[in-house]
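Peer 1: Got a sequence here, can you build the structure:
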Amino acid sequence: MQNTIIIFIHILGAALAIGAGVFGLLVLLPLAGKREGEPKDETSLAYILMDKLAPTMFVGILALVFSGVYYLMENYTDQVNLKDGYYNVLGIKLVFVLTAFFASAYQTFMLKPDIANLDLQPERRKRVPATLKKMAATGKIALAAVGLAVFMGIYLARY
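Peer 2: Okay, the predicted model is just below:
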């Protein structure tokens, strides 16, 4: 029963991270970019979208990391009889997970606060368009990395 809950949380984290990334970065952000005449400040749709997307994707990746580590620690005795190549694929998966984690953390904790509180520090207003482009790029990197990590996880399920 406990493994079922851990796996459910793991899948829920993957769905949250990939869903937020696909919906925000691949569906809404291109539509927000097509709106002409919109100012590039805190009232723009792209700004509001990236403000909500960065923490949502980070929480999904955190759920993936913590549930995956907890599952590995809880079931370490069952991993003795795994087929050859399991740890090779797991190592590749962990590289993608770390890439997604650090890209999402950079986006959430470094780029997002850089353009926050524009009413208190109006000199940051000129940095908004460049920072939004950086946030979109790091979000796409995190989305690609978490997508590849999920693919590797599905591949590992056959072991």
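Peer 1: Dead centre of this protein: give me the residue that sits there.
Peer 2: The centre of the chain sits closest to M57, judged by C-alpha atoms, centre = their mean, with a distance of 4.0 Å.
Peer 1: now the helix or strand containing that one, how far from the centre of its chain.
Peer 2: In this assignment (DSSP states H and E), M57 forms part of helix 45-74. Chain-centre distance of helix 45-74: 5 Å, with C-alpha atoms, centre = their mean, to the nearest Å.
Peer 1: buried sites along it?
Peer 2: By 16 or more other C-beta atoms under 10 Å, the buried positions in helix 45-74 come out as 46-47, 49-50, 53-54, 56-65, 67-68, 71. Backbone N, C-alpha and C define where each C-beta goes, glycine included.
Peer 1: That one packs against which elements?
Peer 2: helix 2-21, helix 29-34, helix 86-106, helix 112-114, helix 128-156 (3 or more C-beta pairs under 8 Å, 6 or more residues apart in numbering; DSSP states H and E).
Peer 1: what's next to the second one, contact-wise?
Peer 2: When you say that, I think you mean helix 29-34. 38, 44-46, 49-50, 136 (C-beta atoms under 8 Å, 6 or more residues apart in numbering).
Peer 1: gap between the residue nearest to the centre of the chain and I7?
Peer 2: Look at M57 and I7: by C-beta to C-beta, to the nearest Å, they are 21 Å apart.
Peer 1: which of the contacts of helix 29-34 lies closest to A20?
Peer 2: L49 (10.4 Å; C-beta to C-beta).
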